[in-house]
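1. no sequence on this one, just coordinates:
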């Protein structure tokens, strides 16, 4: 088995977007496989790499 350093990680995302006559609605799931104990906040000990949903809306001209 290969040793992977604690600070090594990969990011991932999946984004979907739909244009509604110049208004573009998008949603993305973004996450990481980072080590939860290595990437914890020093202030409160919470993991800083949680998987999140990001929603966007933009107007094209």
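-> That came through, no problem. Just so it is clear, the structure is predicted and the values come from calculations on it, not from any experiment.

2. hey, where'd the strands end up in the protein?
-> Using DSSP state E, the strands found in the chain span residues 11-20, 23-32, 52-59.

3. Most tightly packed of the ones you listed?
-> By mean neighbour count, with neighbours taken as mean count of other Cβ atoms under 10 Å, strand 23-32 ranks first of the strands of the chain at a mean of 14. Quick note: C-beta positions are derived from backbone N, CA and C, even for glycine.

4. in the chain, which segments are predicted with low confidence?
-> Within the chain, the segments meeting pLDDT under 70 span 1-4.

5. which non-adjacent residue is nearest the spatially most central residue of it?
-> The structure's the chain has its C-alpha centroid closest to residue 30; by Cα atoms, centre = their mean the separation is 2.4 Å. Using Cβ to Cβ, 6 or more residues apart in numbering and skipping the chain neighbours, the partner closest in space to residue 30 is residue 13 (4.5 Å).

6. Now for the one you found: which residues touch it?
-> Contacts for residue 13 (Cβ atoms under 8 Å, 6 or more residues apart in numbering) come out as 28-31.

7. roughly how far apart are it and residue 21?
-> Plainly put, residue 13 is 26 Å away from residue 21 if you go by Cβ to Cβ, to the nearest Å.
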